[in-house]
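Colleague: Could you look at this predicted model? Sequence included:
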Amino acid sequence: MKNPLCLLLSLFLGFYLLSASNLQAQELSPSTGASTVTLEQETATPENADGEDEDEIDWLLDGLSLTADVLGMEEDDLFSALAHGLSMADVARAHGVDPIEILDLALSFEESDILAELLDEEIDLSVAEDWRDQAAEASAWLIYEEDPFGLEEIVWVLDGAADACDLSMLELADWMADGASIADIAQEMEVDLKEIAEFSIDYLEETIDVLLLLEEMDEEEANEWLGWSEEILEELLTDENLFETLAEEDWADEMVKILADLMNLEELELWDLLEEGEDLQDLLDTHKIQVGDEELEDEIQEFLEWWNDDAFEEEEGADREDF
């Protein structure tokens, strides 16, 4: 059975690293002669959610395993902590370990591989230096990023399903990585799907109670979140590609942030325009946005192609703020 961390890390780390590089690129002043973005009306699926190369995924899995070993905890427990919105650094500190120790150890393994290839003359010094810099940036992201899997918004569903089915969250993710929906898993485990729904809502209400107590949410926001959650729960329980769906949603949110910034709009203002039926291409043409980075321009093209996918447009009735 495919390791679920392989899928999750490939989806979410690949997405965040790409988004981070694009966000950095957009902060640069547009270069002289930067083209106005004109995007074709086509349909496509975002390629940035397809995953990383096998070698990179193996490296990510090694990093997760290494962190669990250093902290003296099970990978199941570390996975659950990260899914609930913590970073590896948060977990490390809670175990009395300096996150820098994990970062240094991860880099030492990477540097060993770099040195081996240098000695075999498979790479030159310039490539080795770039490799080391990229490894340091990626490792730091993985260790310090909160909620690296992008699951915090729906972790209450995973908690409810795992509890009702008597599975760890990692075991649940393992089933889901093979294309099973939570409803499929419930059927296999002979668990009533209504029980999972009830467990999930219970977990959500507990989370909301804590946020209300901490004054991080008011009653109106709590009711809106609960109402949205009850509406979308069936979809979450029956989606056979839930992790990919979440990755696409996160990618869409990040792209809207980028486009809003390029158009000198607030993110929520752009979402409101889109939900009112404004055409994204028309908005881009009207604002004549300038992009000084070819990779970012390509990703904007890719995003618009995906945005115009009929299947996605049918889902746009949901409140986008909740993703």
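Modeller: Cool, got the structure. Since we're looking at a predicted model, the values are computed, not measured.

Colleague: Run through the stretch 51-200 of the chain and note the low-pLDDT ranges.
Modeller: Counting by pLDDT under 70, the ranges of the stretch 51-200 of the chain that qualify are 51-61.

Colleague: at 50 what do you get?
Modeller: For the stretch 51-200 of the chain, the stretches with pLDDT under 50 are 51-53.

Colleague: So which residues of it form helices?
Modeller: 54-71, 75-83, 88-94, 99-119, 125-144, 155-165, 169-177, 182-188, 193-213 (DSSP state H, counting those that start in this stretch).

Colleague: Need the CA coordinates for the fifth one. PDB is fine.
Modeller: Below are the C-alpha coordinates for helix 125-144, written out as PDB (Å, rounded to 0.1, in the frame of the first residue of the first chain):
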ATOM      1  CA  LEU A 125      31.200  22.800  -7.200                       C
ATOM      2  CA  SER A 126      28.600  25.300  -8.500                       C
ATOM      3  CA  VAL A 127      25.900  22.700  -8.700                       C
ATOM      4  CA  ALA A 128      26.900  21.400  -5.300                       C
ATOM      5  CA  GLU A 129      26.500  24.900  -3.800                       C
ATOM      6  CA  ASP A 130      23.100  25.400  -5.400                       C
ATOM      7  CA  TRP A 131      22.000  21.900  -4.200                       C
ATOM      8  CA  ARG A 132      23.100  22.700  -0.700                       C
ATOM      9  CA  ASP A 133      21.300  26.100  -0.600                       C
ATOM     10  CA  GLN A 134      18.100  24.500  -1.900                       C
ATOM     11  CA  ALA A 135      18.300  21.700   0.600                       C
ATOM     12  CA  ALA A 136      18.700  24.100   3.400                       C
ATOM     13  CA  GLU A 137      15.700  26.200   2.300                       C
ATOM     14  CA  ALA A 138      13.500  23.100   1.800                       C
ATOM     15  CA  SER A 139      14.500  21.600   5.100                       C
ATOM     16  CA  ALA A 140      13.900  24.800   7.000                       C
ATOM     17  CA  TRP A 141      10.500  25.100   5.400                       C
ATOM     18  CA  LEU A 142       9.600  21.500   6.300                       C
ATOM     19  CA  ILE A 143      10.700  22.000   9.900                       C
ATOM     20  CA  TYR A 144       9.200  25.500  10.600                       C
END
